[in-house]
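> Structure for the following, please:
(one chain, ligands or ions: 2)
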Amino acid sequence: MQNFDLIIIGAGRASNIAAKAGKLGKKVALIEKSTLGGTCPNRGCVPSKLLIGYAQKIREIKDSKKHFIRAIVDNIDQEEIFKRTNEYIYSVEENYKKKFNENVTIFKGEGSFLDDKIVEVNNTKLTAPKIIVATGTRPAKVPLENAWTSDDIFPLIKEIPESITIVGGGFIACELANFFDAIGVETTQLVRGDTLLENEDEEISEIFKEQYCKNVNVKFNISIKNALYKNNSFEIELDNDETYKNDALLFAIGRVSNADTLKLENTNIKLNEKGFIRRDEFFQTDVEGVYVVGDASGEHMLQHAAAFEMNHLFKMLFEDEKEPLKFKYMPHAVFSHPEVASVGLTEKKAKEQNIKYVTSTTSWLASAKAQALKIKYPRTKFILNPDTYEILGCHLIGYESATMIHQVLAIMHLQNDIRNLKEMLYIHPALSEALLPAAVQAVKAIHEYKESKKI
Ligand SMILES: Cc1cc2nc3c(=O)[nH]c(=O)nc-3n(C[C@H](O)[C@H](O)[C@H](O)COP(=O)(O)OP(=O)(O)OC[C@H]3O[C@@H](n4cnc5c(N)ncnc54)[C@H](O)[C@@H]3O)c2cc1C
Ligand SMILES: NC(=O)c1ccc[n+]([C@@H]2O[C@H](COP(=O)([O-])OP(=O)(O)OC[C@H]3O[C@@H](n4cnc5c(N)ncnc54)[C@H](O)[C@@H]3O)[C@@H](O)[C@H]2O)c1
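Ligands and ions are numbered 1, 2, ... in the order given. Model prediction:
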């Protein structure tokens, strides 16, 4: 039995805890069954955003006629795009290794529990007073042989397909289908319902659908009845009896817990109804001294949330943090075309929760920089508490929405009052100045609401 101060199962974001604890002189066992760094740098956020950079450039060139420029995309070197992205992925493991000092022992293998306090990896038994489970998620099982998930394209080492079908209408499907379509791979997206990005505010997802479908061929209310893999391609039969051939078929239909790899039946650790590990507000599982953080908890499934949680857990374990982490707000963005960013309640959620609210939706076009983009759809939508002026939700669609929303986030975090967004000074005519008329309009909407209630 090997003794440590800390055992960590899963070297994704939790690598940072291992590195920092090692620097404090703690003896750390870091167990990873795949590549150090986890999903984000190896097969998630980073490589997918590297790909989106290419897509964005191509879309801009193709759209240049709006600026009275005749330009054509003469050649897209797809191989180079994947080669460069793969090179980044291949560098991750070595870069992560450099983070750790001699106090951190890396065990490459699948970790599992023998009991509440003993973890086994490669037939070696380890124990520590503190154990962190940070095992993340994996793609939901693909129902057809030879079909891909996002894991299969990071890195893409097989031949680049000439045509691809992508199933799903969520984050991954809308980011990847946009990329494949932009680089010239014939792309079909299959969505079982009639919306894309179904968890976004309805007004925003409708605009997204209208704009996105101008580029990507999306079939709605459809499922695959059958898909036969023959001679390196799929013969796809849809449930409306339509048939067609595509080189690749990729499913992006959600992600599932890795808890089933941990032999939790040997412990008192319990799962919730979704199969994710149950925890209290201090990240502690049903076993004292065993914690679960990041995607493994199934709560947010976002890199910034995982990183924030891990940072807080480190402070709880090795510094003097006594308070639980309470996320005031959890923003996210979908890096597709168009780009969407959101924080807080959607109108639907506000309605469901019976919350008193006022909405205000404003075009960005009052800003000269927004006009210069020559796109008409960008919008800001606020959901507001009319009594307190609090921003309950903010939803953006348009160029650099993910960047734009940080200004709103800052206000929400500091002193959440829409009037602060209205009173601040903006650089004229920066794109973010588009938030000024949105804030003015939002405050007006609250005043009109208050007036209407006086009668
Ligand atoms: C295609 C894609 C794009 C994404 N884009 C974004 C984005 O733009 N922005 C964003 O915020 N989020 C994005 N995400 C989500 C983000 O990647 C995750 O939220 C984040 O990586 C979670 O970190 P984690 O450390 O909790 O889990 P992970 O990074 O998944 O790490 C868990 C690690 O545990 C290992 N493991 C699992 N079980 C065991 C075991 N039994 N023994 C040993 N090791 C084990 C795994 O191999 C893995 O390395 C994206 C995800 C995907 C798939
Ligand atoms: N920009 C980002 O922050 C980013 C990008 C990619 C992924 N992620 C994270 O990764 C997670 C997983 O992404 P995802 O796109 O796989 O999940 P998702 O939950 O966003 O979307 C899943 C989609 O698949 C559909 N679906 C589910 N089961 C299906 C089935 N059997 N047949 C057909 N369609 C089905 C759903 O209706 C939905 O449209 C996200 O929830 C997100 O947290 C974040």
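
> how about the closest residue to R255 other than its chain neighbours, phi and psi?
Excluding its sequence neighbours, the residue lying closest to R255 (Cβ to Cβ, 6 or more residues apart in numbering) is T137, at 3.9 Å. (Each C-beta comes from the backbone N, C-alpha and C, glycine too.) Note on T137: backbone dihedrals following degrees, to the nearest 10 are phi -130, psi 170.

> Can you name the residue of the stretch 301-450 of the chain nearest to ligand 2?
In the stretch 301-450 of the chain, the residue found nearest to ligand 2 is M301; the distance is 3.2 Å by Cβ to the nearest ligand atom.

> What number of residues are in the vicinity of that residue?
If you count neighbours by other Cβ atoms under 10 Å, M301 ends up with 17.

> Tell me how far the residue nearest to R255 lies from ligand 2.
8 Å (Cβ to the nearest ligand atom, to the nearest Å).

> and if you look at D194?
Distance from D194 to ligand 2, by Cβ to the nearest ligand atom: 11 Å.

> Does that residue touch I222 like I think?
No. With contact defined as Cβ atoms under 8 Å, D194 and I222 do not form a contacting pair (10.0 Å).

> more crowded one of the two?
Legend: neighbour count by other Cβ under 10 Å for D194 and I222, higher for I222 (19 against 11).

> Could you measure from the more buried one over to L249?
As judged by Cβ to Cβ, to the nearest Å, I222 and L249 stand 14 Å apart.

> Could you do E273 as well?
Counting by Cβ to Cβ, the gap from E273 to L249 is 31 Å.

> Quick one: name the residues of the stretch 101-250 of the chain near ligand 2.
Residues of the stretch 101-250 of the chain lying close to ligand 2 (Cβ under 6 Å from any ligand atom) are V167, G168, G169, G170, F171, I172, A173, E175, R192, E198.

> What lies in contact with stretch 441-455?
Stretch 441-455 is contacted by residues V358, T359, S360, T362, F382, L384, P386, Y389, I418, R419, L421, K422 when judged by Cβ atoms under 8 Å, 6 or more residues apart in numbering.

> quick one, phi/psi of the second one?
Backbone torsions for T359, taken as degrees, to the nearest 10, come to phi -120, psi 160.

> Tell me who's in contact with it.
Counted by Cβ under 8 Å, 6+ apart, T359 has contacts E347, K381, F382, I383, L384, A445.

> about what we covered before: the residue nearest to R255 against V256, yeah?
Yes. Here T137 reaches V256: they are 6.1 Å apart, a contact under Cβ under 8 Å.

> who has more neighbours, these two?
The neighbour count for T137 versus V256, taken as other Cβ under 10 Å, is higher for T137 (19 against 15).

> and stretch 436-455, average pLDDT?
What stretch 436-455 shows for mean pLDDT is 93.

> how far is it from where the chain is centred?
33 Å (Cα atoms, centre = their mean, to the nearest Å).

> got it, and stretch 66-83?
Distance, centroid of stretch 66-83 to centroid of chain: 27 Å (Cα atoms, centre = their mean).

> List the buried residues of it.
By neighbour count on 16 or more other Cβ atoms under 10 Å, the buried set for stretch 66-83 is Q78, I81, F82.

> Ok, stretch 346-360 next?
Buried-residue list, stretch 346-360, by 16+ other Cβ under 10 Å: T346, E347, K349, A350, Y357, V358, T359, S360.

> so what's the residue lying closest to A19 once chain neighbours are set aside up against?
Setting aside the residues directly before and after it, A19 is nearest to K99 in space (Cβ to Cβ, 6+ apart), at 4.3 Å. Applying Cβ under 8 Å, 6+ apart to K99 gives the contacts S15, N16, A18, A19.

> Helix or strand: which one has K99?
For K99, there is no enclosing helix or strand under DSSP states H and E.

> Could you count how many residues lie near whichever residue of the stretch 201-350 of the chain sits closest to ligand 1?
Per Cβ to the nearest ligand atom, G294 is where the stretch 201-350 of the chain lies closest to ligand 1, at 2.3 Å. With neighbours defined by other Cβ under 10 Å, the count for G294 comes to 32.

> gap between it and L176?
Taking Cβ to Cβ, one finds G294 at 22 Å from L176.

> Also E288?
42 Å.

> who's more crowded, the two?
Using other Cβ under 10 Å as the criterion, E288 and L176 rank with L176 on top: 25 against 12.

> Alpha carbons of the one helix or strand that one maps to, as CSV, please.
Secondary structure from DSSP H and E places L176 in helix 171-182. Extracted C-alpha coordinates of helix 171-182, given in CSV (Å, rounded to 0.1, in the frame of the first residue of the first chain):
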residue,chain,number,x,y,z
PHE,A,171,-23.4,22.8,-28.3
ILE,A,172,-21.1,20.3,-29.9
ALA,A,173,-23.3,19.6,-33.0
CYS,A,174,-23.7,23.3,-33.8
GLU,A,175,-20.0,24.1,-33.3
LEU,A,176,-18.7,21.1,-35.3
ALA,A,177,-21.3,21.2,-38.1
ASN,A,178,-20.5,24.9,-38.6
PHE,A,179,-16.8,24.0,-38.9
PHE,A,180,-17.2,21.1,-41.3
ASP,A,181,-19.6,23.0,-43.5
ALA,A,182,-17.3,26.1,-43.6
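
> and that helix, how far out from the chain's middle?
13 Å.

> ok, residues contacting that helix?
48, 51-52, 54-56, 58-59, 150, 153, 164, 166-167, 187, 189, 191, 196-197, 208, 212, 215-218, 250, 252, 334-337.

> Return the residues of this protein in contact with ligand 1.
Close to ligand 1, as judged by Cβ under 6 Å from any ligand atom, the chain has residues 9-14, 31-34, 38-40, 44-45, 48-49, 110-111, 134-136, 150, 172, 258, 261-262, 294-296, 301-304, 306, 335.

> Please flag which of these sit within helices.
T39, C40, C45, S48, K49, I172, Q303, H304, A306 (DSSP state H).

> From those residues, pick the one nearest E281.
Checking those against E281 with Cβ to Cβ, the nearest one is A306 at 16.9 Å.

> For the closest one, grab the count of nearby residues.
26.

> I'd like the distance between it and A333.
16 Å.

> K230 now?
39 Å.

> Spatially nearest residue to A14 (excluding sequence neighbours)?
Spatial nearest neighbour of A14, excluding adjacent residues (Cβ to Cβ, 6+ apart): A134 at 3.5 Å.

> Let me see the contact set for that neighbour.
A134 neighbours (Cβ under 8 Å, 6+ apart): 8-14, 17, 292-294, 296, 306, 310.

> Quick one: those residues as a markdown table, columns for pLDDT and distance to L373 too.
Output for those, formatted as a markdown table (pLDDT from 0 to 100; distance: Cβ to Cβ, whole Å):
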| residue | pLDDT | distance to L373 |
| --- | --- | --- |
| I8 | 98 | 45 |
| I9 | 98 | 46 |
| G10 | 98 | 41 |
| A11 | 98 | 41 |
| G12 | 98 | 36 |
| R13 | 97 | 35 |
| A14 | 98 | 40 |
| I17 | 98 | 42 |
| V292 | 98 | 43 |
| V293 | 98 | 39 |
| G294 | 98 | 36 |
| A296 | 98 | 40 |
| A306 | 98 | 33 |
| M310 | 97 | 37 |
